[in-house]
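Student: could you work out the structure for the sequence below:
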Amino acid sequence: MSAPRTLVVRLDSTGDVLLAGPAVRAVAAGSSYTGLLCGPSGVQAARLLPGVDKVLMYDAPWVGLEPAPVSRGDTRDLLATLSADRFDRALVLVSYHQSPLPVALLLKLAGVGWTAADSEDYPGTLLDLRHHRLPHRHEAQAALDLARAAGFALPPGDDGALRICPPPDTAHLTGPGPYVVLHPGAAAPARAWSVRRAARAAAALSAAGHRLVITGSRTEKDLTAAVAGNHALDLGGATDLHQLAGVLAGARVAVVGNTGPAHLAAAVGTPVACLFAPVVPAERWGPYGVPHVLLGDQDAPCAGSRARRCPVPGHPCLDGVGNADVIAAVAALDRGTARGVSRAAPGGASETERGATV
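Tutor: Coordinates of the predicted model:
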């Protein structure tokens, strides 16, 4: 019996798609053809994942902060594309607070014969495998759990870490010599330092002897310029996602919030000093598979609120992190003495060390 043609669905952002990478590799190992259906903000990340034969894009009207309007034409186009690719199976990856059922309905209409997903909602005939995720699972581990339940296992020798295709050499951007990356931005302001706090941290890291590289997107050029000042190299707007991966791969340590570049750093094996606001739980969204230190008050009043903007005056959970703590975290990660690695373990169990010590 020939291996199936399988579609993996992850309709969210860059970080979500990167965290799906281990599950995608498991699917690819057991499939003759693997497609990845993602939203517009996940396309660049999807193209970096090993094992993907084709990236498909759909701007789903139930996903994102500014979801697309419902469009009969766009839905027809998606159904036609999925039908033409003749997928036998599909895995719908969602976070614990999301429903897979809207896309599961579209997959059935497109002729996909078998669909699996984590779902707390009654799926009727929309799912052929209704899986329940284990509590407190990291997103990457939860996706692997679903893949295993659907009959897909990581190939021998694959440790289940995040991974991308080899990044480019970016020495022409960063210059020679060791450096630390500081990525000050995040899609949700609650998950990043304020501009002034980030600028003070950059100055402190520079004064501590670190050559600092500031990264950010084209829309963050004002932010990166303000943070870089006169003591850091400003690469704001100078890289696409693949080039950013190269910059992160060359760094000794990345200092970054709970945002896509934190997971990109993990995917290239760079230790992460993560400014993690507890608006979402670190056990599900923290850096995965690399040494890391969580910086920030995980018991702050905003914990679990999913707030995009800090509801507490002064943004204390992150802006209250002292320069000494940041410098100590970077030093410990650079020396290899920090603890705090989450990874997939044989048989699907998880091994996690929380609250890294420095």
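
Student: can we go C-alpha only for contacts and neighbour counts from here?
Tutor: Fine.

Student: now the helices for this structure?
Tutor: 14-19, 21-29, 43-46, 72-85, 101-109, 139-149, 171-174, 195-207, 221-228, 241-249, 260-267, 282-285, 316-319, 323-335 (DSSP state H).

Student: shaky segments in this structure?
Tutor: Regions of the chain meeting the criterion pLDDT under 70 cover residues 1, 339-358.

Student: would you map out the domains in the chain?
Tutor: Domains of the chain are assigned by automatic domain parsing as 5-149, 171-352.

Student: dump those into a markdown table; add distance to Gly157 as well.
Tutor: Listed next are the domains of the chain as a markdown table, based on distance: least, C-alpha to C-alpha, whole Å:
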| stretch | distance to Gly157 |
| --- | --- |
| domain 5-149 | 12 |
| domain 171-352 | 11 |
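
Student: returning to that earlier point: adding mean neighbour count, write the helices of the chain out as a markdown table.
Tutor: Shown next, in a markdown table, are the helices of the chain (neighbours: other C-alpha atoms under 10 Å):
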| stretch | mean neighbour count |
| --- | --- |
| helix 14-19 | 26 |
| helix 21-29 | 26 |
| helix 43-46 | 22 |
| helix 72-85 | 14 |
| helix 101-109 | 18 |
| helix 139-149 | 24 |
| helix 171-174 | 14 |
| helix 195-207 | 19 |
| helix 221-228 | 21 |
| helix 241-249 | 23 |
| helix 260-267 | 26 |
| helix 282-285 | 18 |
| helix 316-319 | 22 |
| helix 323-335 | 18 |
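
Student: could you find the closest non-adjacent residue to Gly229?
Tutor: Spatial nearest neighbour of Gly229, chain neighbours left out: Ala199 (7.5 Å); criterion: C-alpha to C-alpha, 6 or more residues apart in numbering.

Student: right, and that neighbour touches Ala228 too?
Tutor: Yes. Between Ala199 and Ala228 there is a contact under C-alpha atoms under 8 Å: 6.8 Å.

Student: what touches both of these two?
Tutor: Residues touching both Ala199 and Ala228 by C-alpha atoms under 8 Å, 6 or more residues apart in numbering: none at all.

Student: sorry, back to before: figure out which of the helices of the chain is closest to Leu91.
Tutor: helix 139-149 (7.4 Å; C-alpha to C-alpha).

Student: need the residues that contact that closest one.
Tutor: 19-23, 26-27, 91, 93, 95, 116-118, 131, 133-134, 153, 284-285, 288, 343-344, 348, 350.

Student: contacting residues around the residue nearest to Gly229?
Tutor: Going by C-alpha under 8 Å, 6+ apart, Ala199 touches 226-229.

Student: switch to 7 Å and redo it
Tutor: 226-228 (C-alpha atoms under 7 Å, 6 or more residues apart in numbering).

Student: ok, the residues you listed vs Leu11, which is closest?
Tutor: Among the contacts of Ala199, and counting by C-alpha to C-alpha, the member closest to Leu11 is Val227, at 31.9 Å.

Student: hang on, that closest one packs against Ala198?
Tutor: Yes. Val227 is in contact with Ala198 according to C-alpha atoms under 7 Å; the separation is 6.0 Å.

Student: returning to what we had before: and the helices of the chain as CSV, adding distance to Val180?
Tutor: Formatted as CSV, the helices of the chain follow (distance: least, C-alpha to C-alpha, whole Å):
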stretch, distance to Val180
helix 14-19, 21
helix 21-29, 25
helix 43-46, 23
helix 72-85, 42
helix 101-109, 41
helix 139-149, 26
helix 171-174, 10
helix 195-207, 9
helix 221-228, 12
helix 241-249, 9
helix 260-267, 12
helix 282-285, 22
helix 316-319, 19
helix 323-335, 8
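
Student: wait, doesn't Pro184 sit right on Val256?
Tutor: Yes. Counting by C-alpha under 7 Å, Val256 is a contact partner of Pro184 at 6.3 Å.

Student: what about stretch 294-309, distance to the chain center?
Tutor: Averaging C-alpha positions (C-alpha atoms, centre = their mean, to the nearest Å) puts stretch 294-309 18 Å from its chain's average.
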